[in-house]
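# give me a model of this one.
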Amino acid sequence: MIKRTLYFGNPAYLSVHNRQLCIRKPEEDTETTIPIEDIGVVVLDHPQITLTHSVTEALLEENAALITCDKKHLPVGLLLPLCGNTTQTERMREQLNASQPLKKQLWQQTVSAKINNQACLLEKRGVIAKNMRAWAKNVKSGDAENLEGRAAAYYWKNAFPSLPDFTREREGIFPNSVLNYGYALLRGIAARALVSSGLLPTFGIFHRNKYNAYCLADDVMEPYRPYIDALVMQLYEEGLCGEEIDKTTKIKLLQIPVLDVEINGKRSPLMVAMTTTTASLQKCYAGEARRIIYPEMK
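Residues are numbered from 1 along each chain as shown. Next comes the predicted model:
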């Protein structure tokens, strides 16, 4: 079942009754209810939102991700359950005991999948990407030659043709802020899927920054980034996003969990596809498979 993404950008009081999320807004006398089991992601984006402890407890029991935003309305915090799988201890042990050669092979697959999806997106936009297709085929174990970086330089140079000075930087010029917002939501989806597969989002296959609590989420979301890029490019070209991330832009970005992707030969909502990816990664750690299943842009 496709889980719902809830966004709260106005004052609200959230509570739980009979496994229903009860939503009451100060300016309204009515109360809205949503089954807790239907919720996958909750985004809190207003300082006057009050929620009971029962809300966080119920959401975590259903393996939902709770994302909080800062004063700039950008996602800044992520709350996930500690126990998301019945065989979690065994799966975490397999993850922590994964050999370095295995991690390098998994990263090779990840980088190749990412570059191919980036190339496909450029080709859809009329940009020649034969060089990127060649790089995707030639990624070595652990991406020793940093073909990911070479591909990224070419990709971002051609991503926004009307912005010749654009570079992809977290604090860079517009529309970097919109990309950041989309990636933050994607990161929450990836972390949630990893927990549901019994894995620790902290210990990555490539990312290993000691200040990063979601290294593995950052790893597995890489081939999914072009789907966010495609959405942001569309919003930019249609004039639906600006320097400030307004309500219209947020509504579009909050559709990320239900974006159509093709994975394992089937069409699937992105949130469901991410679970397929993390489940395949768990099988790689357990020695039951040799490849991570990632979506392929067509």
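
# show me how this protein divides into domains.
4-79, 88-286 (automatic domain parsing).

# and among those domains, the most buried is which?
domain 88-286 (a mean of 18; mean count of other C-beta atoms under 10 Å). In this view, the C-beta of every residue, glycine as well, is placed from N, C-alpha and C.

# to residue 293, which of the domains of the chain lies closest?
domain 88-286 (4.1 Å; C-beta to C-beta).

# span of that closest one from start to end?
12 Å (C-alpha to C-alpha, to the nearest Å).

# for it, the distance to its chain's centre please.
7 Å (C-alpha atoms, centre = their mean, to the nearest Å).

# model confidence over that domain, on average?
Over the span of domain 88-286, the pLDDT mean works out to 94.

# one more: stretch 67-84?
pLDDT averaged over stretch 67-84 gives 85.

# please work out which residues outside that stretch touch it.
By C-beta atoms under 8 Å, 6 or more residues apart in numbering, the surrounding residues in contact with stretch 67-84 are 9, 41-45, 56, 60-61, 63, 65-66, 177, 180-181, 184-185, 187-188, 191-192, 195-198, 201, 214, 245, 250.

# can you pull out the helices in the stretch 1-150 of the chain?
53-61, 88-96, 100-124, 130-137, 147-159 (DSSP state H, counting those that start in this stretch).

# if you could redo that for the stretch 151-298 of the chain, that was the one I meant.
So, for the stretch 151-298 of the chain - with DSSP H, counting those that start in this stretch - the helices run 176-196, 215-220, 225-237, 247-253, 270-286.

# bridging residues for residue 34?
Taking DSSP bridges as the rule, residue 34 bridges to residue 21.

# what sits against residue 26?
Contacts of residue 26 by C-beta under 8 Å, 6+ apart are 11-13.

# contacts only, for the residue positioned nearest the centre of the chain.
Central residue of the chain (C-alpha atoms, centre = their mean): residue 186, 1.7 Å from the mean position. By C-beta under 8 Å, 6+ apart, the contact set of residue 186 is 221, 224-225, 228, 256.

# turn those into JSON lines, including distance to residue 52.
Shown next, in JSON lines, are these (distance: C-beta to C-beta, whole Å):
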{"residue": "221", "distance to residue 52": "31"}
{"residue": "224", "distance to residue 52": "33"}
{"residue": "225", "distance to residue 52": "36"}
{"residue": "228", "distance to residue 52": "33"}
{"residue": "256", "distance to residue 52": "28"}
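
# so which of those residues comes closest to residue 37?
residue 256 (20.9 Å).

# any idea how far that closest one lies from residue 292?
20 Å (C-beta to C-beta, to the nearest Å).

# ditto for residue 34
From residue 34 to residue 292 the distance is 33 Å (C-beta to C-beta).

# now residue 41
Going from residue 41 to residue 292 by C-beta to C-beta gives 22 Å.

# equivalent analysis for residue 46, please.
According to C-beta to C-beta, residue 46 and residue 292 sit 37 Å apart.

# cool, and residue 24?
43 Å.

# surely residue 276 meets residue 294?
No - contact between residue 276 and residue 294 fails when scored by C-beta atoms under 8 Å: they sit 9.0 Å apart.
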